[in-house]
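Colleague: Show me how the following folds:
(one chain, ligands or ions: 1)
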Amino acid sequence: MSTPPPTFKPFRLALVQLGEIGSDKAANIKHAHDMILKAASGENGAHPKPDIVVLPEVFNSPYGHQYFPIYAEPIDYKPGEAYDAAASPSESVRMLSGAAKEAGVWLIGGSIPERDSKDGNLYNTATVYSPEGRLVATHRKMHLFDIDIPGKITFTESTTLTGGSDINFFDTEFARIGLGICYDVRFPELAMILARKGCQMLIFPGAFNLTTGPLHWELLQRARAVDNQVFFAMCSPARDMTAGYHAWGHSMVLDPMARTLAEAGHDEEIIYADIDPQVMHDARVGIPVTTQRRFDVYRNVAEGF
Ligand SMILES: NC(=O)CCC(=O)C(=O)O
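Modeller: Numbering: from 1, shown residues only. Here you go, the predicted structure:
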């Protein structure tokens, strides 16, 4: 049983649809740093300052299972144990922590390939920082992106990655926010568990592709938003047709009625959205599915009855 979520208050979100992710890791990390600061400043005052900034999936490495062992970094974070992010063994974590502190924002630092120091396994791991630069949560991608659509796309993250097994969320002063990464969005169970644990918003760094992106990227997010009556956002890298993997882009933010609050194109861009708790309240009062579920009937769904 988790603690009750914080009182849901209005907040502002920025998604950084990051470009220029190439083979030079130091350059990827520096560009991410600069874009976090740009987003946190509301692009030098052109937009109101956001409370939380989000990066995309795998921001420090090209996206492909062959790259993960080369770009992977140890993080060595254990929930509940003291962790000095400024002295992390991960250079990406050190940068993200410093950027969150410098900008004074919450930061979902996209994801990076992580190497577990104990067993050597690799994970696709998201990390989250407080405005003081504290590492407050991580999420290891739970469902690995293994698909094969002949003539279109074959991708097997499981060649080098292991799936995580933990459900992860974090509390801010304005909301409880649930975490997933990209392919995790296809599994409604994860989003539902997060929502039932009190998350008012779910934020998934992601990187769909040119085959499934146009078909499913928006559809899945709208579904997860509406079936759980939560705010939902996914943050993609920008599309780079010179890269091995062509990201769909279209980072977006949806409200609990599945209305689009903000959507990017496919180039590098920062999008902003204001999250209004009243919208969630109205959705849940007007269409009370959250209290109408029949868990008495479908409680054995995991066993297939
Ligand atoms: N990075 C990913 O997990 C991609 C998921 C994806 O494209 C999909 O169709 O699902």
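Colleague: Buried ones in the longest helix seen in the chain, by neighbour count?
Modeller: Longest helix in the chain by number of residues (criterion: DSSP state H): helix 25-40. For helix 25-40, burial by neighbour count (16 or more other CB atoms under 10 Å) applies to Lys25, Asn28, Ile29, His31, Ala32, His33, Met35, Ile36, Lys38, Ala39, Ala40. Every C-beta, even on glycine, is put in place using the N, C-alpha and C of the backbone.
Colleague: So which elements touch the strand ranked longest in the chain?
Modeller: Counting by DSSP state E, the longest strand found in the chain is strand 106-115. The helices and strands touching strand 106-115, judged by 3 or more CB pairs under 8 Å, 6 or more residues apart in numbering; DSSP states H and E, are strand 52-54, helix 68-71, helix 91-103, strand 122-129, strand 201-205.
Colleague: Report the strands that pair with the last one, each with its relative direction.
Modeller: So the one you mean is strand 201-205. Within its sheet, strand 201-205 is paired with strand 176-179 (parallel), strand 231-235 (parallel), according to DSSP bridges.
Colleague: Just name the most buried of those strands.
Modeller: strand 231-235 (a mean of 28; mean count of other CB atoms under 10 Å).
Colleague: so where's the chain uncertain?
Modeller: Residues of the chain that meet the criterion pLDDT under 70 lie in 1, 305.
Colleague: just to revisit the earlier point, save the strands paired with strand 201-205 as a markdown table, and put in distance to Pro4 too.
Modeller: Shown next, in a markdown table, are the strands paired with strand 201-205 (distance: least, CB to CB, whole Å):
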| stretch | distance to Pro4 |
| --- | --- |
| strand 176-179 | 9 |
| strand 231-235 | 18 |
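Colleague: Would you mind naming what in the stretch 201-305 of the chain lies close to the ligand?
Modeller: Ala207, Phe208, Asn209, Thr212, His216 (CB under 6 Å from any ligand atom).
Colleague: are any of these buried, and which?
Modeller: Ala207, Phe208, Asn209, Thr212.
Colleague: and which of the residues you listed is nearest Gln278?
Modeller: Phe208 (30.5 Å; CB to CB).
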